[in-house]
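Q: quick one, fold the following:
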Amino acid sequence: MLRSTLRVTSRAARPLAASMGRSSAVHAGAAAQAKLYSQIQMGAMHGPALQHLCGLRYASTSVQVPPMAESLTEGSLKEFTKQVGEYIEQDELLATIETDKIDIEVNAPVSGTVTKLNFKPEDTVTVGEELAQIEEGAAPAGGQKPAAKEETSAPQEAAPASPAAKEEKPQAAKPAQAAPAKEQPKQAAAQSSTVSAGASVSGFARTERRVKMNRMRMRIAERLKEAQNTAASLTTFNEVDMSALLEMRKLYKDEILKTKGVKFGFMGLFAKAVALAQKEVPAVTGGIEGDQLVYRDYTDISIAVATPKGLVTPVVRNVESLSVLEIEQEISRLGQKAREGKITLEDMAGGNFTISNGGVFGSLYGTPIINTPQTAVLGLHGVKERPVTVNGQIVSRPMMYLALTYDHRMLDGREGVTFLKTIKELIEDPRKMLLV
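A: Got it, this is the predicted structure:
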């Protein structure tokens, strides 16, 4: 009888338990929904997580390594400005690629969330390879704010550690730890005796550091060594009296700056002098291609500009057709771009002659290296007051040394000397440039 009663009670309890289970499940589901809704409202759930929850799928855009130049097919990834999960705006900088000549910026083609980064810094990347993927249209929804909260919360978490730090200070004053201090006089005495013997340099800093060469620095090194190994380099020197040029600059620099907005320097006049001297010695802007000598009837001058990353040589084109002020304007524009790191491969492509001005750094004398595959380079140096003989009288004049390094395979010595002498004559009497 008892067994039968228990059996009936058990059967009656089953529907009740099932009903209670369904009720608790409903309550749990409602609580979860409320919590989820609260997270969405507060912005705690966004981006890919919210899309997955809602079943949304945005189009994924591949970001590829852009074309560089005909002579460049690869570079090194310098950095990504965004990490996976971060939101990026259209045209915002995503990555920087370092090449042999310049840094190339890769901007986001669309707005969205970065979902994949395929490389790490210093990896070699080639044109057309996929750098990253961006999920289009994935709204930030405050996606960058949590990162800011994490940054600010870090110091707050570290704050409780300060009492522990305070407790460590008394420990430093314990007799057991203070004992080694008694041995210091002995060590000092040993050091003094060693130094007096002149056999130790332990008291001096002898640290060293190693920095990985960037691609531009490596390429510069390769090209300079290539120039030494390939060209039959020869340097000829001359000196030029800068009196007339300095006087001309003094008379007109303020007016030119006011009316043209250009600083009237030396480079425009020297570039123009090179273009005029090239008419007498056309081989100076020529080149060797195989078994042929190539002569060019135009003068594209590479102007050496020092930047924090290395030397770059943007090109002023068709100098023979430009006025001195137009040359100065172009040199100023290209120099500014180079120093700001905005120079492009197109700005540096070509060039059949180079001018390097070491005088701005205080150089007195030097031998420039040919910028291959060019044939010659003109080195300018500092202007210094020196005693010279003029009409039988010893006078002080502002003098500059000029150095022309050229490939003896293309130019004979007579041509090199003639070219440099013509530049000297034009600079010493700038009015001649108006007559030719």
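Q: where exactly do the helices run in the stretch 1-150 of the chain?
A: Residue ranges of the helices in the stretch 1-150 of the chain, as given by DSSP state H, counting those that start in this stretch, are 2-42, 47-54, 145-158.
Q: R215 contacts S76, doesn't it?
A: Yes - here R215 lies in contact with S76, judged by CB atoms under 8 Å, at a distance of 5.4 Å. All C-beta spots, glycine's among them, are computed from the backbone N, C-alpha and C.
Q: now do the shared contacts for these two.
A: Common contacts of R215 and S76, defined by CB atoms under 8 Å, 6 or more residues apart in numbering, comprise 98-99.
Q: isn't T230 right up against T372?
A: Yes - when contacts are counted by CB under 8 Å, T230 is listed as touching T372 (6.4 Å).
Q: find the nearest non-adjacent residue to L380, please.
A: Excluding the flanking residues, the one nearest L380 by CB to CB, 6 or more residues apart in numbering is N357, at 4.4 Å.
Q: count of residues packed around P67?
A: Each residue near P67 was counted by other CB atoms under 10 Å, and the total is 12.
Q: so it touches V106, yeah?
A: No - using CB under 8 Å, P67 and V106 do not qualify as a contacting pair, with a distance of 11.5 Å.
Q: residues in contact with the closest residue to A95 other than its chain neighbours?
A: The shortest distance from A95 to any residue other than its chain neighbours is 4.3 Å, reached at V106 (CB to CB, 6+ apart). Listed by CB under 8 Å, 6+ apart, the contact partners of V106 are 63, 65-66, 93-97, 131.
Q: quick check: the farthest pair among the residues you listed?
A: Checked with CB to CB, these reach their widest spread between V65 and L93, with 14.8 Å between them.
Q: which one of those two is surrounded by more residues?
A: Here V65 and L93 are set side by side on neighbour count (other CB under 10 Å), and the busier one is V65, at 21 against 15.
Q: returning to what we had before: so can I have CSV of the contacts of V106 showing pLDDT and distance to D241?
A: Conversion of those to CSV gives the following (pLDDT from 0 to 100; distance: CB to CB, whole Å):
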residue, pLDDT, distance to D241
V63, 92, 58
V65, 90, 53
P66, 89, 50
L93, 91, 50
L94, 92, 55
A95, 92, 52
T96, 88, 47
I97, 88, 48
L131, 90, 56
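Q: which one of those residues sits closest to T418?
A: Within the contacts of V106, the smallest distance to T418 is 44.9 Å, found for I97 (CB to CB).
Q: give the rounded mean pLDDT of stretch 325-341.
A: Stretch 325-341 shows a mean pLDDT of 90.
Q: returning to that earlier point: and the contacts of V106, which of them are buried?
A: Buried subset of the contacts of V106 (neighbour count, 16 or more other CB atoms under 10 Å): 63, 65, 94-97, 131.
Q: quick check: of these, which lies closest to G416?
A: Sorting the buried ones among the contacts of V106 by how near they are to G416, with CB to CB, puts I97 at the top with 40.1 Å.
Q: could you check how far that closest one is from I104?
A: For I97, the distance to I104 equals 5 Å [CB to CB, to the nearest Å].
Q: which neighbours do the two have in common?
A: Residues touching both I97 and I104 (CB under 8 Å, 6+ apart) are G75.
Q: pLDDT below threshold where in this structure?
A: 1-58, 69-71, 138-201, 436 (pLDDT under 70).
Q: the same query, at a cut-off of 50, please.
A: Filtered on pLDDT under 50, the chain yields the residue ranges 1-26, 55, 143, 145-170, 172-179, 188-190, 192-195.
Q: care to break it down by domain?
A: Using automatic domain parsing, the domains assigned to the chain come out as 60-136, 215-434.
Q: check the offset of the last one from the chain's centre.
A: Taking CA atoms, centre = their mean, to the nearest Å, one finds the center of domain 215-434 at 25 Å from the center of the full chain.
Q: neighbours of D300, just the number please.
A: Around D300 sit 19 other residues, with neighbours defined as other CB under 10 Å.
Q: so how far is A349 from it?
A: 9 Å.
Q: burial count for L234?
A: The tally of other residues near L234 (other CB under 10 Å) stands at 17.
Q: who does it bridge with?
A: With DSSP bridges applied, the residues forming beta bridges to L234 are Y406.
Q: hang on, it packs against E415?
A: No - using CB under 8 Å as the test, L234 is too far from E415 to be in contact (11.0 Å).
Q: what's across from V294 in the sheet?
A: With DSSP bridges applied, V294 shows beta-bridge pairing to G287.
Q: pull the residues that contact stretch 62-74.
A: With contact meaning CB under 8 Å, 6+ apart, stretch 62-74 is reached by 75, 94-95, 97, 99-101, 104, 106, 108-109, 124-134, 345-346, 349.
Q: try 6 Å
A: 99, 124-133, 345 (CB atoms under 6 Å, 6 or more residues apart in numbering).
Q: can I get that stretch in PDB? Just the C-alpha atoms.
A: Output for stretch 62-74, consisting of C-alpha atoms alone and laid out as PDB, is shown next (Å, rounded to 0.1, in the frame of the first residue of the first chain):
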ATOM      1  CA  SER A  62      41.100  43.200 -48.900                       C
ATOM      2  CA  VAL A  63      43.800  45.800 -48.500                       C
ATOM      3  CA  GLN A  64      46.800  45.100 -50.800                       C
ATOM      4  CA  VAL A  65      50.300  46.400 -51.100                       C
ATOM      5  CA  PRO A  66      50.000  49.200 -53.700                       C
ATOM      6  CA  PRO A  67      52.100  49.600 -56.800                       C
ATOM      7  CA  MET A  68      55.400  51.400 -56.100                       C
ATOM      8  CA  ALA A  69      57.500  52.100 -59.100                       C
ATOM      9  CA  GLU A  70      58.900  50.300 -62.100                       C
ATOM     10  CA  SER A  71      62.100  49.500 -60.300                       C
ATOM     11  CA  LEU A  72      60.500  48.600 -57.000                       C
ATOM     12  CA  THR A  73      58.500  45.400 -56.300                       C
ATOM     13  CA  GLU A  74      58.900  45.000 -52.600                       C
END
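Q: chain center to that stretch: distance?
A: In terms of CA atoms, centre = their mean, the gap separating the centre of stretch 62-74 from the centre of its chain is 17 Å.
Q: the stretch 101-250 of the chain: strands as residue ranges?
A: Here the stretch 101-250 of the chain has its strands, by DSSP state E, counting those that start in this stretch, at 103-107, 112-117, 124-126, 130-136, 233-241.
Q: turn the domains of the chain into TSV, columns for distance to T207.
A: Shown next, in TSV, are the domains of the chain (distance: least, CB to CB, whole Å):
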stretch	distance to T207
domain 60-136	24
domain 215-434	22
